[in-house]
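Asker: Next one to model:
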Amino acid sequence: MSHGVLGKKAFKGRGALSNPPGRFEQTGVEAFDDGWYVEEQPDTIATTVEPDRAKGVITTNNSPDIPFEQSINPYRGCEHGCLYCLWGGTNILLGDGTTRPIANLRVGDEIYGTVREGWYRRYIKTRVLAHWSVIKPAYLIILQDGTELIAGADHRFLTERGWKFVTGAEQRSGRRAHLTIGNKLMGTGGFLAGPEKDAHYRRGYLCGLIRGDGHLKLGAHMRSNGRNGLSSQFRLALCDAEALDRAREWLRCERIETRRFAFSAGSPRGRPMEAIGVSSRFKVSGVSAPVAWPTSPPGSWRAGFLAGIFDAEGSYNEGCLRVSNTDPEIVRWITESLRAFAFKFVVEHLDRPPLKPIDVIRVTGGLKEHLRFFHAFDPAITRKRDISGQAVKSDARLGVVSIERLPGAMRLYDISTGTEDFIANGVVSHNCYARPSHAYMGLSPGIDFETRLFYKANAAKVLEQELARPGYVCKPITIGANTDPYQPLEKKLLVTRSILEVMARTRHPVSIISKSALILRDLDLLTDLARDGLVSAAISITTLSAETKRLLEPRTASPQARLRAVKELIAAGIPTSVMVAPVIPAITDHEMESILEAAATVGARRAGYILVRLPYEIKDLFRDWLAEHFPDRAGHVMSLIRDMRGGRDNDPRFGTRMRGTGPIAELLRMRFTVACKRLGLNSGSRELPQNTQLFRQPGTAGSQMDLGF
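Answerer: Sure, this is the predicted structure:
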């Protein structure tokens with residue numbers, strides 16, 4: 001299937017630059033007018049939509065920073081394309097045995113997945129077919145060995161009892177298999193960070209590699225004429241260019257320039273060999289310095305030494321990691337260094353007359369320890385890290401200790417692979433269900449994510465069923481907590497309106513959060529609810545600048561359209577507040593007073609603000625966005641944010657995460673307070689739809705009719 005968008009090209013009003021092909025074929029997609037307003041220019045790509053049959057629409061929240069317990073999101077995905085939070089990341093096991101954050105993966109990258117063979121699943125190399133991100137509620141899963149996983153409720157992990165979702169979505173017999181405390185996940189456990197490749201590490205690597213596989217000679221010898229002479233030579237010949245390139249680069253750090261040449265001897269297996277070398281006495285003497293045994297080596301030297309000796313004399317075959325050597329001194333350094341990093345091993349001494357005896361050091365503990373070896377020391381030769389064919393079994397302590405709902409929503413991330421799974425932070429992880437229709441309906445995670453959306457076609461019917469349940473307790477519901485309920489396509493689909501119709505019939509209190517002027521279409525329903533104090537609205541305004549708006553939120557209504565919406569809502573009797581959010585220092589913070597003044601001018605009586613938040617991986621993505629759009633002040637912006645976040649990029653604590661701390665945050669708070677006082681904002685009590693006494697539970701199918709006595 002052709003998606004019609006190829007290469008990296010900026011499309012007006014869209015955040016993604018390309019449209020990589022999705023894995024599965026898409027069917028039944030309807031072309032759709034995106035419903036922009038007259039202030040905006042038409043886009044170059046039409047929006048398409050598909051129905052998404054929802055099994056439940058009400059979600060719950062227990063965060064003390066968010067003033068509602070229940071919410072509904074009528075749409076899956078979002079057209080707004082807000083650019084201050086695009087991609088996320090976590091460490092994924094690559095096909096060369098290294099790891100890379102998922103945010104940095106690209107379509108076509110080689111990674112590890114699994115396939116079932118007989119009784120076991122086995123690791124196998126596969127390819128990334130699609131890559132995307134999504135904002136939604138997330139959960140923190142902590143395992144016995146300390147491994148931490150963050151995933152959406154619909155993500156699946158491989159356990160000892162098969163694939164399980166993070167949470168159960170249904171009740172009773174329809175409840176799906178989900179993680180519980182004590183479930184054991186399958187894999188090796190959390191990946192280690194790589195070593196710090198400082199000067200000590202570099203010298204340790206050169207020592208291990210050259211002592212293990214190099215030729216270094218510097219000394220006196222007897223010439224043919226009977227006179228004493230000096231002999232100097234250094235040569236390192238290898239089949240693997242990765243180790244040779246690393247050695248040459250790090251010798252250059254020692255100010256030793258080597259020459260590279262083909263080594264005619266060849267390798268035992270017929271692979272061509274190349275070599276580096278020097279012959280001048282001064283340079284050969286210089287090579288001797290990093291090769292010398294240190295007196296008190298730091299940990300980074302030992303890590304480099306183990307990486308170098310593994311590249312020179314190590315092997316990894318059929319799940320067995322070995323390092324062999326005939327020199328007792330080298331063997332001693334290997335074993336002492338392994339002990340320093342708490343590795344378990346056995347040493348096998350082999351007599352080989354007439355050859356020298358050899359010692360074989362074998363690292364025990366299975367794949368879990370072998371991956372720890374590779375990641376802790378980072379040898380250069382990637383072919384020696386191949387784990388293909390090994391069974392997915394381990395004695396790692398991967399029992400689930402806790403599953404905790406994280407506050408609010410965050411950007412989650414996913415990939416689609418050839419095996420339909422991948423290894424995330426040492427745990428076998430299924431292609432996520434965070435947006436299953438996008439992945440399994442053949443959609444691209446690029447432009448398609450912004451232009452091909454899904455709507456909960458049966459949302460009103462499902463909502464009535466949920467409200468009709470015997471145990472339902474009426475509490476105010478917020479519509480649009482995660483995704484704007486007035487997407488441009490709502491103009492025709494009417495999903496949000498159908499939900500409001502249910503609210504009006506049942507007299508259920510409701511709040512609406514939006515950036516769209518399309519909310520005015522539903523004034524009739526909102527006015528009806530407002531007569532009984534059952535509705536409120538909040539319109540967010542980030543900036544009054546059309547140009548800044550297009551950089552931050554390219555698919556949202558213009559600031560002028562939002563202000564008109566506030567004015568008309570208030571005129572119709574709907575309590576409406578304005579949220580200045582997100583406030584970005586040195587980008588939009590200077591507009592706070594002007595936004596509040598514009599809000600007061602159109603009749604708003606309440607306002608709030610939220611400081612830009614950079615939780616988890618969002619901080620790195622925000623830096624990229626700054627570098628792209630505001631390179632002249634990127635460093636200054638991040639410095640201001642850190643000043644308001646206790647020296648960090650983000651402060652996750654309840655009570656401070658929305659507003660920040662410190663002198664600059666306090667100045668922002670004072671500016672907001674003074675402006676509100678001057679403009680008469682927030683002077684009265686907060687008007688929230690808290691009246692639950694009028695709620696009428698809808699009748700369920702087949703129930704006895706109420707005679708009204």
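
Asker: so what secondary structure elements neighbour the helix or strand encompassing Ala130?
Answerer: In this structure, Ala130 is located in strand 120-136 according to DSSP states H and E. Other elements packing on strand 120-136 under the criterion 3 or more Cβ pairs under 8 Å, 6 or more residues apart in numbering; DSSP states H and E are strand 110-117, strand 410-417, helix 436-440. Quick note: C-beta positions are derived from backbone N, CA and C, even for glycine.

Asker: which sections of the stretch 401-550 of the chain are below the confidence cut-off?
Answerer: Counting by pLDDT under 70, the stretch 401-550 of the chain contains low-confidence ranges at 431-454, 482.

Asker: CA atoms only: put the strand holding Ala130 into CSV for me.
Answerer: The C-alpha atoms that make up strand 120-136 are tabulated as CSV, following Å, rounded to 0.1, in the frame of the first residue of the first chain:
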residue,chain,number,x,y,z
TYR,A,120,11.2,-22.5,24.1
ARG,A,121,11.2,-19.1,22.7
ARG,A,122,14.5,-18.2,21.2
TYR,A,123,16.2,-14.9,20.5
ILE,A,124,16.4,-14.0,16.8
LYS,A,125,17.4,-10.9,14.9
THR,A,126,14.6,-8.9,13.3
ARG,A,127,14.0,-5.5,11.8
VAL,A,128,12.1,-2.3,13.0
LEU,A,129,9.1,-1.9,10.6
ALA,A,130,7.5,1.1,12.2
HIS,A,131,8.2,3.6,15.0
TRP,A,132,5.8,6.0,16.8
SER,A,133,4.8,7.6,20.1
VAL,A,134,1.6,8.5,21.8
ILE,A,135,0.5,10.4,24.9
LYS,A,136,-1.6,8.5,27.4
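
Asker: Following element in sequence after that strand, please.
Answerer: Per DSSP H and E, the first helix or strand lying C-terminal to strand 120-136 is strand 139-143.

Asker: Now that following strand: buried residues?
Answerer: Within strand 139-143, the residues that qualify as buried by neighbour count (16 or more other Cβ atoms under 10 Å) are Tyr139, Ile141, Leu143.

Asker: Hmm, the first one is touching Glu404, no?
Answerer: Yes: between Tyr139 and Glu404 there is a contact at 6.5 Å, judged by Cβ atoms under 8 Å.

Asker: Tell me the spacing between Leu679 and Ser516.
Answerer: Leu679 is 24 Å from Ser516, where distance means Cβ to Cβ, to the nearest Å.

Asker: One more: His370?
Answerer: Per Cβ to Cβ, His370 is found 54 Å from Ser516.

Asker: on that earlier part again, and the strand holding Ala130, what's its mean pLDDT?
Answerer: Looking at strand 120-136 alone, the average pLDDT works out to 79.

Asker: Quick one: work out the angle between that strand and strand 410-417.
Answerer: When axes from the mean of the first three to the mean of the last three Cα atoms, to 10 degrees is applied, the directions of strand 120-136 and strand 410-417 differ by 140 degrees.

Asker: quick one: contacts for Gln697?
Answerer: Gln697 makes contact with Leu467, Ala468, Tyr472, Thr506 under the criterion Cβ atoms under 8 Å, 6 or more residues apart in numbering.

Asker: switch the cut-off to 6 Å
Answerer: With contacts defined as Cβ atoms under 6 Å, 6 or more residues apart in numbering, Gln697 is in contact with Ala468.

Asker: in a strand, that's where it is, yeah?
Answerer: No: inclusion of Gln697 in a strand is not indicated when DSSP: H, G, I helix; E, B strand; the rest coil is applied; the result is coil.

Asker: What's the separation between it and Thr478?
Answerer: When distance is defined by Cβ to Cβ, Gln697 is 20 Å away from Thr478.

Asker: quick one: contacts of stretch 243-254?
Answerer: Here stretch 243-254 makes contact (Cβ under 6 Å, 6+ apart) with Arg202, Leu206, Leu209, Leu238, Thr258, Ile276, Pro290, Asp311, Ala380, Ile381.

Asker: Number of residues surrounding the residue nearest to Phe695 when sequence neighbours are not counted?
Answerer: Using Cβ to Cβ, 6 or more residues apart in numbering and skipping the chain neighbours, the partner closest in space to Phe695 is Cys474 (4.1 Å). In terms of burial, Cys474 registers 18 neighbours under the definition other Cβ atoms under 10 Å.

Asker: Arg203 too?
Answerer: 24.

Asker: try the one 4 residues further on
Answerer: When neighbours are counted by other Cβ under 10 Å, Cys207 registers 23.

Asker: where does it fall, helix, sheet strand or coil?
Answerer: Look at Cys207: counting by three-state DSSP, its state is helix.

Asker: ok, and the closest non-adjacent residue to it?
Answerer: Here the nearest residue to Cys207 in space, its sequence neighbours aside, is Val291; by Cβ to Cβ, 6+ apart that works out to 5.1 Å.

Asker: dump the residue contacts of Ala138.
Answerer: With contacts defined as Cβ under 6 Å, 6+ apart, Ala138 is in contact with Ile150, Gly152, Leu406, Met410, Leu412.

Asker: Now do Met410 against His370, distance only.
Answerer: Look at Met410 and His370: by Cβ to Cβ, they are 33 Å apart.

Asker: and if you look at Ser300?
Answerer: With the distance defined as Cβ to Cβ, Ser300 ends up 21 Å from His370.

Asker: Between these two, which is the more surrounded one?
Answerer: In this comparison of Ser300 against His370, neighbours counted by other Cβ under 10 Å, the higher total goes to His370 at 22 against 18.

Asker: re the thing from before, for the contacts of stretch 243-254, pick the one with the most neighbours.
Answerer: By neighbour count, taken as other Cβ under 10 Å, the most surrounded of these turns out to be Leu209 (29 neighbours).

Asker: nearest residue to that one other than its sequence neighbours?
Answerer: The shortest distance from Leu209 to any residue that is not its chain neighbour, by Cβ to Cβ, 6+ apart, is 3.7 Å, and that residue is Gly308.

Asker: hang on, that neighbour in a helix?
Answerer: Yes: following the definition three-state DSSP, Gly308 is counted among the residues of a helix.

Asker: Tell me where the stretch 301-450 of the chain has helices.
Answerer: Under the criterion DSSP state H, counting those that start in this stretch, the stretch 301-450 of the chain contains helices at 328-340, 366-377, 436-440, 447-451.

Asker: can you tell me the average pLDDT over the second one?
Answerer: Pointing back at helix 366-377 there. For helix 366-377, the mean pLDDT works out to 92.

Asker: hmm, who's touching it?
Answerer: With Cβ under 6 Å, 6+ apart as the criterion, helix 366-377 contacts 97, 188, 191-192, 303, 306-307, 321, 363, 385, 390, 394, 396.

Asker: Closest one to Ile181 out of these, please.
Answerer: Distance to Ile181, by Cβ to Cβ, is smallest for Ala396 among the contacts of helix 366-377, at 17.4 Å.

Asker: any idea how far Thr180 is from the closest residue to that closest one other than its chain neighbours?
Answerer: With Cβ to Cβ, 6+ apart as the measure, Gly189 is the residue that lies nearest to Ala396, at 4.0 Å, once sequence neighbours are left out. Going from Gly189 to Thr180 by Cβ to Cβ gives 19 Å.
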